[in-house]
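Visitor: what would the 3D arrangement of this be:
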Amino acid sequence: MRKILAVLVLALVCLVQPSLSAPYDPPTWRDSTWDYRSEDSTDLAGEVSWLKVGGVASLTLIAYGAAYWLVFDKGWWDEQGNHFHFENDFDYALNLDKFGHFASGVAMGELFYEGYRWAGATEFQSYLFAGLSAMMTHVAIDVKDAYSPRWGFSVFDVLSGTLGGFLPMAERYVPLFKYVDLKWSYWINTKAYYRQGEGHSKVFTDDYCNQTFWASFKIYRMLPAGARAYYPSWLAIAAGLSIDEGVFIKHYEGTPHREVYIALDYDLEAFRPQSRMARTIIKWLNYFKLPAPAVQVYPEFHWFLLYPIKF
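Guide: Prediction:
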């Protein structure tokens, strides 16, 4: 009798287990729909290595030095100095530059996070210190801008960069960011920015008329569990914001305006890579909006096959 009961229990467990472990939402931490960014404590060291901290600091100083020499000094910091002053440039690039500062903060936040985590800081500490490091970097940049005759210390630039620096932390701990990704796309469709006269920097990061900033919504994660079997887990819908080339044309026939897009998108996290390195690569790639069909819905209607490539 006991053997019969044991066989029945074993059969019941085998029948019930598939229903508890849905094929679209594996319950393990590595590929769970909801805990993609969670870390495996066995993947990384559990205590701080001051040797690695020194390595992170050294690489940071080298990166700052390279950025100064290759970008900032050639872009606008080589000008004659001025007294410290504030300037909140609300008219520049129709404020799309604030999204640019946000995006740079995101990149810094992710890089600092990887460095601190590699050095042995806890997951929470790494996210927190990464955000603070991105904030201090933007403060330092704007302090230097404050002495430029054409620029100034912008509180809103610093705020935008700081918010971007804390985005990785928000994506880990704030449930809202399990449903939406913030992305960036760039393709040179017009050279209006580069055709400006002397006295203007030519750094591609300021080429806002060729940049689009996106909020990509993970439709699959928003659906009820029963409906997910009928929707591709990797297919998202994105809303994008850009500006037209008139912003950088001195005598422009018309009024410079913002542009709004709706596009298909790819949620690369849906492929659920297993190793930490693979997840890190996917995490970075998922910040870029890859070419896909799109519709411009404001101020005019246009259809593009592989936006941001306009043809």
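
Visitor: low pLDDT regions in the stretch 151-300 of the chain?
Guide: Confidence mapping of the stretch 151-300 of the chain against pLDDT under 70 gives the ranges 197-201.

Visitor: count of residues packed around Glu253?
Guide: 6 (other Cβ atoms under 10 Å). In short, each C-beta sits where N, CA and C put it, glycine included.

Visitor: tell me which stretches of the protein form helices.
Guide: Residue ranges of the helices in the chain, as given by DSSP state H, are 2-20, 50-67, 96-118, 123-145, 155-165, 167-173, 219-222, 276-285.

Visitor: mind checking how far the third one is from the chain centre?
Guide: On the basis of Cα atoms, centre = their mean, to the nearest Å, the separation between the geometric centre of helix 96-118 and that of its chain is 8 Å.

Visitor: what angle do that helix and helix 155-165 make?
Guide: Angle of helix 96-118 versus helix 155-165, following axes from the mean of the first three to the mean of the last three Cα atoms, to 10 degrees, is 40 degrees.

Visitor: now do the fourth one
Guide: Taking the same axes, to 10 degrees, one finds helix 123-145 and helix 155-165 inclined to each other by 160 degrees.

Visitor: what's the neighbour count on Tyr64?
Guide: A count of neighbours around Tyr64, defined by other Cβ under 10 Å, yields 14.

Visitor: list the contacts of the residue nearest to it when sequence neighbours are not counted.
Guide: The shortest distance from Tyr64 to any non-neighbouring residue, by Cβ to Cβ, 6 or more residues apart in numbering, is to Thr137 (7.9 Å). Counting by Cβ atoms under 8 Å, 6 or more residues apart in numbering, Thr137 makes contact with Tyr64, Met108, Gly161, Gly165.

Visitor: the last one contacts Gly109, doesn't it?
Guide: What it means is Gly165. Yes - in terms of Cβ atoms under 8 Å, Gly165 counts as a neighbour of Gly109; the distance is 4.1 Å.

Visitor: show me the common contact partners of the two, please.
Guide: Listed as contacting both Gly165 and Gly109 by Cβ under 8 Å, 6+ apart are Ala130, Gly131, Ser133, Ala134.

Visitor: the last one: how many residues sit nearby?
Guide: Under the neighbour criterion other Cβ under 10 Å, Ala134 is assigned a count of 28.

Visitor: list the contacts of it.
Guide: The contact partners of Ala134, by Cβ under 8 Å, 6+ apart, come to Gly105, Met108, Gly109, Phe112, Gly161, Thr162, Gly164, Gly165, Phe166.

Visitor: could I get these as TSV with distance to Thr60 and neighbour count?
Guide: Shown next, in TSV, are the contacts of Ala134 (distance: Cβ to Cβ, whole Å; neighbours: other Cβ atoms under 10 Å):
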residue	distance to Thr60	neighbour count
Gly105	15	27
Met108	10	24
Gly109	13	30
Phe112	8	23
Gly161	16	27
Thr162	17	21
Gly164	17	27
Gly165	14	29
Phe166	18	20
